[in-house]
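*Asks:* structure for the following, please:
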Amino acid sequence: MRLPFSVQRVVILAPHPDDDVIAAGGLIQRVLAARGDVHVLFITDGENNPWPQRYLERKLFIGNADRAKWGSMRRAEALCSLASLGVPEGLATFLAFPDQGIAALARRRDLRLHDRLRDIVGQIQPTLIVSPSSFDMHSDHRAIAYYLHNAAPDSAITTYVIHGSAPADRLLCKIELTQCDLQRKREGVECHQSQLALSRERFLSYAGPSESFYSAEFDVVRVESAVREKLIGLRQGTRVLFGIYPRSGERASRPHSPSVSLGESSTK
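*Replies:* Purely as a prediction, here's the structure:
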């Protein structure tokens, strides 16, 4: 079965460095194999990531300079990961919006991210945008879904979930990866050494045998309250703390979902 979307010019939104390879490392390989273009937008630098930084740098207090240094390191890890998948450095764009702060921007009706996304989409004219989902349990992912859907109302959009799960009836397709594709995806994930320090098992679990993509979410994206953000964040933190997270391929339970192998392509 062919993919239900064109892969001629694909824009992938990554809330943080690593979300691109985790969610779509296999899809990226498929686009390149079909001679399509992959542009990756890193919305934040992942600089507000204190516990791995405290662990690796052996310091309790993290200041602005420390966060800037960490964000720079995570950019380098992202470029390493993309290179391992075959994506040129020039097709990666870092927007440097505040890590863990996208939802707050949306509540303040800050339009800077909306405008940047609108302009980039207008310049690239993608045949497909791969966006984080508003069903994801990370607030940055949900808020970016809101911004993207409002900035690109006429674009073909598919979404992905990393933290938590999406409703099964929204599943658009599932890509089955070959052993070679799995290995390359794992190599891409392993470039993010800063994230493997405290969560190696969880991160490597993302390099599983399939990737799920969901229908566009124009009907559900919204600006959420600070209370809802905190409640969902508490749930997600508890799940991570106790190792309660879905392995790759378990993020939708639809028993007969459309599946495609990486040997097939569509570039219309």
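
*Asks:* backbone dihedrals for the nearest residue to Asp20 once chain neighbours are set aside, both of them.
*Replies:* Using Cβ to Cβ, 6 or more residues apart in numbering and skipping residues adjacent in sequence, the residue nearest Asp20 is Ala14, 4.0 Å away. All C-beta atoms are positioned from the backbone trio N, CA, C, and that covers glycine. Reported as degrees, to the nearest 10, the phi and psi values for Ala14 are phi -120, psi 110.

*Asks:* contacting residues for Ala14?
*Replies:* By Cβ atoms under 8 Å, 6 or more residues apart in numbering, the contact set of Ala14 is Asp20, Ala23, Val40, Leu41, Phe42, Ile43, Ala78.

*Asks:* now, these that are in helices?
*Replies:* Of the contacts of Ala14, the ones assigned to helices by DSSP state H are Asp20, Ala23, Ala78.

*Asks:* what sits against the first one?
*Replies:* Residues counted as contacts of Asp20 (Cβ under 8 Å, 6+ apart) are Ile12, Ala14, Ile28, Val40, Phe42, Ala78, Ser81, Leu82.

*Asks:* distance of Gln125 from Gly90?
*Replies:* 18 Å (Cβ to Cβ, to the nearest Å).

*Asks:* settle it for me: which of the two has more neighbours?
*Replies:* Gln125 (10 against 7; other Cβ atoms under 10 Å).

*Asks:* bridge partners for the residue nearest to the more buried one when sequence neighbours are not counted, pull those for me.
*Replies:* Of all residues beyond its chain neighbours, the one nearest Gln125 is Arg9 (6.7 Å), with distances taken as Cβ to Cβ, 6+ apart. Beta-bridge partners of Arg9, counted by DSSP bridges, are Asp37.

*Asks:* output the ones in helices among the contacts of Ala14 as TSV; include the columns pLDDT.
*Replies:* What follows is those, written out as TSV (pLDDT from 0 to 100):
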residue	pLDDT
Asp20	98
Ala23	97
Ala78	98
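
*Asks:* buried ones in the helix or strand containing Leu95?
*Replies:* Using DSSP states H and E, Leu95 sits in strand 92-97. Neighbour counts over strand 92-97 (16 or more other Cβ atoms under 10 Å) mark Ala92, Phe94, Phe97 as buried.

*Asks:* again with stretch 142-154
*Replies:* In stretch 142-154, counting by 16+ other Cβ under 10 Å, buried: Arg142, Ala143, Ile144, Ala145, Tyr146, Tyr147, Leu148, His149, Asn150, Ala151, Ala152.

*Asks:* and stretch 58-74, by the same measure?
*Replies:* Quick answer for stretch 58-74 (16+ other Cβ under 10 Å): Ile62, Asp66, Arg67, Trp70, Gly71, Met73, Arg74.

*Asks:* sort out for me which of those residues are in helices.
*Replies:* Asp66, Arg67, Trp70, Gly71, Met73, Arg74.

*Asks:* wait, the fourth one sits on Gln53?
*Replies:* No: between Gly71 and Gln53 no contact is recorded; they are 10.2 Å apart, counting by Cβ atoms under 8 Å.

*Asks:* in this structure Gln8 contacts Thr127, no?
*Replies:* Yes: contact criterion Cβ under 8 Å: Gln8 and Thr127 qualify, at 4.5 Å.

*Asks:* so who does Pro15 touch?
*Replies:* Ile43, Thr44, Ile102, Pro132, His138, Asp140, His141, Ile144.
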